[in-house]
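**Student:** Just a sequence and a predicted model for now, questions to come.
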Amino acid sequence: MTRNLLTAHQVATRLGVQRATVYAYVSRGALHRTVGDDGRTSWFDPDEIEDLARRGRPRTRTDHPGSVDVVLASGLTQIDGGRLRYRGLDVASLAGSVSFESVAELLWAGTLPEPAPDPWPSPRAVLAAAERATSTLPDRSPIAARLAVALAAIAAADEARGDLRPETVRRKARSLLSVFARTPVPVGSPPDPDRTLPIARQLWPRLSPRRPTAARVNALDAALVLLADHELATSTLAARVAASTRANPFACVLSAIGAVSGPLHGRAAIGTHRILAEALATGHAAAAVDGALEASEQIPGFGHALYDGVDPRATILLDQVSTIATAPVAETIDAVRRVAVDATGAEPNVDFALGALAVAASMPFGTTEGIFAIGRTAGWIAHVLEEYDERPLRYRASAIYTGPVEPADR
């Protein structure tokens, strides 16, 4: 298998050298390569490349002083040239045309299912365990907290939770996502009791008081697709670290939920939602943006370290939002976008588009966190499956002690 090995081009990019230099390392014995089945392609061990990078070719640029640079080989998601691809397929061709369930299967198994998969009804016993656990929570508890409680209950009730075979993990993941779609407290009309409905359709009345029309459900489904994975985001790395200890998939997702619930990750779109809601209520986009700048010297939802221009997910999702937004909401979204771009010079990212979806659907504050976490669960499971194929316990960071020292040790 070569899916977790690196090509010469990828090695050159990681080391910051030309491809010819990579082959010079090979000729000098500094690197080892494996020749592919075609007799021409060279494949390299990512662990060996990382060791060389840290010894002699470390990255010269980091976004924050003291940041930890983690590079892993993965066959799941590619971010390149302003484009985002899952398993080689551009998300622009997936969102809005392929269901979230199909994209999850693509991430988990490597190919789009044909025909599209049937809905994923969770077993009644699994759903009942989650409902009993979450029924004790306040209705206004954060969605991520509700998901974590439901997840813990499901794991505790599953005596085969430690079965890590790929097909078993995929089966559990389908059931888990079906439960997640029914975990948020309904905010609209009573949800349809049919457990065989698609994830986005089950989820809509738990996020929005508006009717679940086809266009609205399609927009939510597109958001789930666009959020399904994004390379090694912090929560994804947390899931992989847990998987390296051979933690069960429920525990791995629970680790990820802990990371995604931070205000700088899965909750980031809440700030955008508030700015848009204020601008809509007052009719003053500039004042809403200025207020955000005065409060934190930044505007949530703009700029992204992995894209030089517009986050492609934002463009795609904003197109979907335009099909369901009323004229005043659409005008407000555009006005806030223009003012924020002028103020910061940064383009919208997916958090802005997610906030726009929330405003267009009259969602309560905090629902964007649930959309993010439920969509990203598909990616977390894919990374967990990939990590199970790696050698265990491969994550071990080193620390430089900076605490007090006894006089005798000085």
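**Tutor:** Everything's here; your move.

**Student:** measure residue 336 to residue 315 for me?
**Tutor:** 16 Å (C-beta to C-beta, to the nearest Å). Where you see a C-beta, it was placed from the backbone N, CA and C, and this is true even at glycine.

**Student:** Of those two, which one has the most company?
**Tutor:** residue 336 (29 against 16; other C-beta atoms under 10 Å).

**Student:** tell me which element the more buried one falls in.
**Tutor:** helix 327-344 (DSSP states H and E).

**Student:** Where does the residue nearest to residue 379 when sequence neighbours are not counted sit: helix, strand or coil?
**Tutor:** Leaving aside its chain neighbours, residue 379 sits nearest to residue 229 (3.0 Å; criterion: C-beta to C-beta, 6 or more residues apart in numbering). Judged by DSSP: H, G, I helix; E, B strand; the rest coil, the three-state class of residue 229 is coil.

**Student:** got the buried residues for the helix holding residue 336?
**Tutor:** Residues 329-330, 332-333, 335-337, 339-341, 343 are the ones in helix 327-344 that count as buried (16 or more other C-beta atoms under 10 Å).

**Student:** after the helix or strand bottoming out on mean pLDDT in the chain, next one along is what?
**Tutor:** Here the helix or strand of the chain ranked lowest by mean pLDDT, DSSP states H and E is helix 19-27, holding a mean of 73. Next along the chain after helix 19-27, taking DSSP H and E as the criterion, comes strand 33-35.

**Student:** Partner strands of that following strand and their direction?
**Tutor:** Partners of strand 33-35 in the sheet, by DSSP bridges, are strand 42-44 (antiparallel).

**Student:** Can you tell me what sits against the next helix or strand after the partner strand?
**Tutor:** Counting by DSSP H and E, the element after strand 42-44 in chain order, helix or strand, is helix 46-55. The list of residues contacting helix 46-55 from outside it, by C-beta atoms under 8 Å, 6 or more residues apart in numbering, reads 4-6, 11, 14-15, 25, 30-32, 59, 71-73, 394.

**Student:** Buried only: go through these for me.
**Tutor:** Here, 16+ other C-beta under 10 Å leaves 4-6, 11, 14-15, 25, 31, 72-73 buried among those.

**Student:** Redo these as JSON lines? Include distance to residue 374 and secondary structure.
**Tutor:** Output for the buried ones among the contacts of helix 46-55, formatted as JSON lines (distance: C-beta to C-beta, whole Å; DSSP: H, G, I helix; E, B strand; the rest coil):
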{"residue": "4", "distance to residue 374": "27", "secondary structure": "coil"}
{"residue": "5", "distance to residue 374": "32", "secondary structure": "coil"}
{"residue": "6", "distance to residue 374": "32", "secondary structure": "strand"}
{"residue": "11", "distance to residue 374": "36", "secondary structure": "helix"}
{"residue": "14", "distance to residue 374": "33", "secondary structure": "helix"}
{"residue": "15", "distance to residue 374": "38", "secondary structure": "helix"}
{"residue": "25", "distance to residue 374": "44", "secondary structure": "helix"}
{"residue": "31", "distance to residue 374": "42", "secondary structure": "coil"}
{"residue": "72", "distance to residue 374": "24", "secondary structure": "coil"}
{"residue": "73", "distance to residue 374": "27", "secondary structure": "coil"}
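
**Student:** Pipe the residues you listed into JSON lines and attach distance to residue 98 per row.
**Tutor:** Shown next, in JSON lines, are the buried ones among the contacts of helix 46-55 (distance: C-beta to C-beta, whole Å):
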{"residue": "4", "distance to residue 98": "26"}
{"residue": "5", "distance to residue 98": "28"}
{"residue": "6", "distance to residue 98": "29"}
{"residue": "11", "distance to residue 98": "33"}
{"residue": "14", "distance to residue 98": "31"}
{"residue": "15", "distance to residue 98": "36"}
{"residue": "25", "distance to residue 98": "41"}
{"residue": "31", "distance to residue 98": "39"}
{"residue": "72", "distance to residue 98": "26"}
{"residue": "73", "distance to residue 98": "26"}
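
**Student:** roughly how far is the helix holding residue 336 from the heart of the chain?
**Tutor:** Taking the mean of its C-alpha atoms, helix 327-344 sits 25 Å from the chain's own mean (C-alpha atoms, centre = their mean, to the nearest Å).
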